[in-house]
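What follows is a predicted structure for the sequence shown.
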Amino acid sequence: MRSYISHQIFQLAVVVFGISLLAFGILHVLGDPVLLLLPQNAGKEEFERYRRLLGLDQPIYVQYWKFVSRAVFGDFGKSWYADTPAFQLVIERMPPTIYLTLAGLLVALLISLPLGILAALKRHTWIDSVCTAVAVAGQAAPLFWLGIMLIIVFAVRLRMLPASGYGTWQHFLLPSLCLGAALAPITMRLVRSGVIEVMNMEFIKTARAKGVAEPMVVVKHAFRNACIPVITVLGLQFGQLLGGAIITETVFAWPGVATLTVESIRNQDFPVVQCAVILLALVIVVVNLVVDLLVAVIDPRIRTGA
Amino acid sequence: MKTASAENKVELVTLRETAPPARKEEHGTLRRLARLRWGLAAGGVLLLIVASAVLAPWLSPHDPLAVNIRHRLAPPAWMEGGTAAHPLGTDQIGRDLLSRMIFGGRVSIVVGVTAVLLSTSIGVLLGLAAGYVGRRTDWTIMTLVNVMLTFPFVLLALAVISVLGPSLVNMIIVLGVAGWPIYARVVRAETMAIREREFVLAGRALGMSHARIVFRQIVPNLVSAIVVIATLQVAQVIILESFLSFLGLGIQPPTPAWGNMLGEGRVYMLNSWWIATFPGLAIFVTTLVINLMGNALRDWLDPHMKL
């Protein structure tokens, strides 16, 4: 187990290094910060002065080292727009994003677990076909369109729920439903195939042979084993889930990191964009690590490498 | 004694369980055929969408950019106040929605196909390198794949577009470059498996060069997997392209694209639901038929493929 953990942490370190390179590279290699910062009619001396001021006249690896050694302590520089530290701006917006992601995950599980198990147990019947059809359709629906349709139906026509904003539990319903509905199809298909695979295993036959009641077989023997692939893939999908949360936020004007990022992109406020991108990626990496370890605890075959 | 009876019971149960598979397989074939039919139907619809995008100047009833302030926010023809001249209604400055939708398909299809071609080329080459060369090359490429897969695609696209600035070409580059890891992962795994097969060994023994083995012996075995992923990826890219345009970071107005139409329609959704609904429906139907076609293609080419 210990070597497994250290291997995972080494991998994590490599991925974090890669992400920092990527976030640094996007701004400093693809674009020129000075070009973005100064008006187009600025003189040549002005450009040179700013380049020196920002340390951009130094070799790229020195710049990268400076960037990283500050970033480690949460110093991503000041926002070019709001004159507050970028880190503070992003951290303040983090909780709404995390709540939305968790709420979306919950909705997805509430939809996909019962339907997936049902589809697996009633395989090759009309129930299975309907579930699969809904899943295929759900996978094709663009999230941002789905969100707008939800707003038009529930907020504009029925006037039941707020269309956007943040604060009360009602504000959570539409965004989390939207995000959950986007994640549910793939989760449902995973649950379905997981349960089907497990139901054909020898130990299920043994349980049935022992005379264990069928509901008990499904819940205790099949479902628990079917959970392993579901947890693994959900963990891997967490990045996608957060990506989905980004899209959902922009539709519902949710005051999270994503709306901040989009605003900052519009304002060309790169320290904030950089900081948001790195912190979001860090969250994903840590979640992935936790999921890997969780699966290793549940499934001894993984940690022993069998 | 007790254990013996339990074993008997197990034996009985297994016997009973062994009978169905034959029927199951038959069922599987039927399902595959049914899926194939769906795939063909989906292909037909997709062909219609592509044809309407190609023939847009001749098919669309109006100029997609023609402004007519007097007919602004007209509802679809079947609703009260709608006219047959604008079957799907008009937008906030009186442009014909149907014409804009027909033209909007062009952007989605061009971006979808070119970006996928770009990411396929990058992904397949890197996947082949990782799988065939192995060792350090493999480690480097796979680490890169992990980094890219950790990053949400949306976030990466947003960050790059913010620096490069929004335009059609930039969007194709971003979506193309960001999409390669999935190909690399599949191609690498397959390459590693094929590399150990006897015909490759025979090729080596006959003195074939590495390049020849890779491109004449390994790549042909990967084509079906690549085609299936690429098909499914086109749908993903179309959704992402529309999202970027929706945010105003993709195709810039007044050029019609499904994404920016949806974004403009959002402002008017309180009273004029059609402006946002129809372009979204177009994206939905297009991605749906592409997905259905991709699934059918997978079943047809190789039903055992795990993608």
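Structure received.

Identify the residues contacting the nearest residue to residue A:121 once chain neighbours are set aside.
Counting by C-beta to C-beta, 6 or more residues apart in numbering or on different chains, residue A:121 lies nearest to residue A:218, which is 6.8 Å off, once chain neighbours are set aside. Any C-beta I mention is one placed from the backbone N, CA and C, and that applies to glycine too. Neighbour list for residue A:218: A:117, A:121, A:195 [criterion: C-beta atoms under 8 Å, 6 or more residues apart in numbering or on different chains].

my read: residue A:279 touches residue A:93, true?
No - contact status for residue A:279 versus residue A:93: not in contact, 9.8 Å apart, counting by C-beta atoms under 8 Å.

Against which helices or strands is the longest helix along chain B packed?
Across chain B, the longest stretch assigned as helix under DSSP state H is helix B:97-133. Helix B:97-133 makes packing contacts with helix B:21-54, helix B:56-59, helix B:135-150, helix B:168-178, helix B:181-195, helix B:219-246, helix B:258-267, helix B:274-301 when contacts are defined by 3 or more C-beta pairs under 8 Å, 6 or more residues apart in numbering or on different chains; DSSP states H and E.

Quick one: residues contacting residue 204.
Since no chain was named, I'll use chain A. Residue A:204 makes contact with A:198, A:217, A:221, A:222, according to C-beta under 8 Å, 6+ apart.

Switch to chain B, please.
Residues near residue B:204 by C-beta under 8 Å, 6+ apart: residue B:213.

And it, how close does it get to chain A?
For residue B:204, the distance to chain A equals 31 Å [C-beta to the nearest C-beta, to the nearest Å].

before we move on, back to that, can you tell me which of the helices and strands packed on helix B:97-133 is most buried?
helix B:258-267 (a mean of 25; mean count of other C-beta atoms under 10 Å in any protein chain shown).

wait, does that one make contact with chain A?
Yes - using C-beta under 8 Å from any C-beta of the partner chain, helix B:258-267 reaches chain A at B:262, B:265, B:266.

okay, which residue is most central for chain A?
For chain A, residue A:242 is the residue whose C-alpha lies nearest the centre (C-alpha atoms, centre = their mean; 2.2 Å).

quick check, that residue in a helix?
Yes - checked against DSSP: H, G, I helix; E, B strand; the rest coil, residue A:242 lies within a helix.

Name the residues of the stretch 151-300 of chain B found near chain A, please.
Contact residues, the stretch 151-300 of chain B versus chain A (C-beta under 8 Å from any C-beta): B:151-156, B:158-164, B:235, B:239, B:242-243, B:246-249, B:262, B:265-266, B:269-270, B:273, B:276-277, B:280-281, B:283-284, B:287-288, B:290-292, B:295.

sorry, back to before: which one of the helices and strands packed on helix B:97-133 lies nearest to residue A:270?
Taking C-beta to C-beta as the criterion, helix B:168-178 is the member of the helices and strands packed on helix B:97-133 that comes nearest to residue A:270, at 16.6 Å.

send the alpha carbons of the closest one over as PDB?
The C-alpha trace of helix B:168-178 is given here as PDB (Å, rounded to 0.1, in the frame of the first residue of the first chain):
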ATOM      1  CA  LEU B 168     -12.400  30.900 -36.600                       C
ATOM      2  CA  VAL B 169      -8.800  29.700 -37.300                       C
ATOM      3  CA  ASN B 170      -7.800  30.100 -33.600                       C
ATOM      4  CA  MET B 171     -10.800  28.100 -32.500                       C
ATOM      5  CA  ILE B 172      -9.900  25.300 -34.900                       C
ATOM      6  CA  ILE B 173      -6.300  25.300 -33.700                       C
ATOM      7  CA  VAL B 174      -7.300  25.300 -30.000                       C
ATOM      8  CA  LEU B 175      -9.900  22.600 -30.400                       C
ATOM      9  CA  GLY B 176      -7.600  20.500 -32.600                       C
ATOM     10  CA  VAL B 177      -4.600  20.800 -30.300                       C
ATOM     11  CA  ALA B 178      -6.600  20.200 -27.100                       C
END
